[in-house]
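J.: Take a look and give me a structure for this.
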Amino acid sequence: MANDPIRYCVECGAQLNGATENLVRLCHRCHMRLHRCKPPVACSVDGCNGRAKCKGYCEKHWIRFHKYGNPLLWKRNQYDAVREHP
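T.: A predicted model of the protein is given here:
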């Protein structure tokens, strides 16, 4: 590591900690700024208070959308017919 060149953050120009395996070459502060958590978003289905995880749907409605093509369709059990949620 003593012969490695000094590396700098590509965003702010700060000197990195010398880790050569850092592929993106961001300092910790810039990395955290880029990957900061976003505020939670509510599910896009009317009347649902769940947190959106994918495509604007909460986990329950995303699974229904993925299985049936509509987030409002569901089945009570494997023998029941697919129906729309009231």
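
J.: Just list what the lowest-mean-pLDDT helix or strand in the chain packs against, helices and strands only.
T.: Ranked by mean pLDDT, DSSP states H and E, the weakest helix or strand in the chain is helix 28-34, scoring a mean of 73. Under the contact criterion of 3 or more C-beta pairs under 8 Å, 6 or more residues apart in numbering; DSSP states H and E, helix 28-34 touches no helix or strand at all. Heads up, the C-betas are built off the backbone N, CA and C, glycines and all.

J.: tell me what the helix or strand following that helix is packed against?
T.: Heading C-terminal from helix 28-34, the first helix or strand you meet, by DSSP states H and E, is helix 59-68. Of the remaining helices and strands, those touching helix 59-68 by 3+ C-beta pairs under 8 Å, 6+ apart are strand 73-74.

J.: helices or strands up against the next helix or strand along the chain from the strand it packs on?
T.: Counting by DSSP H and E, the next helix or strand C-terminal to strand 73-74 is strand 83-84. Where contact means 3+ C-beta pairs under 8 Å, 6+ apart, strand 83-84 is packed against strand 73-74.

J.: partners of the strand it packs on, with directions?
T.: Strand 73-74 pairs in its sheet with strand 83-84 (antiparallel), by DSSP bridges.

J.: can you pull the buried residues of the least confident helix or strand of the chain?
T.: Residues residue 30 are the ones in helix 28-34 that count as buried (16 or more other C-beta atoms under 10 Å).

J.: got the buried residues for stretch 57-70?
T.: For stretch 57-70, by 16+ other C-beta under 10 Å, it's 57-58, 61-62, 64-65.

J.: Could you chop this protein up by domain?
T.: 1-36, 38-86 (automatic domain parsing).
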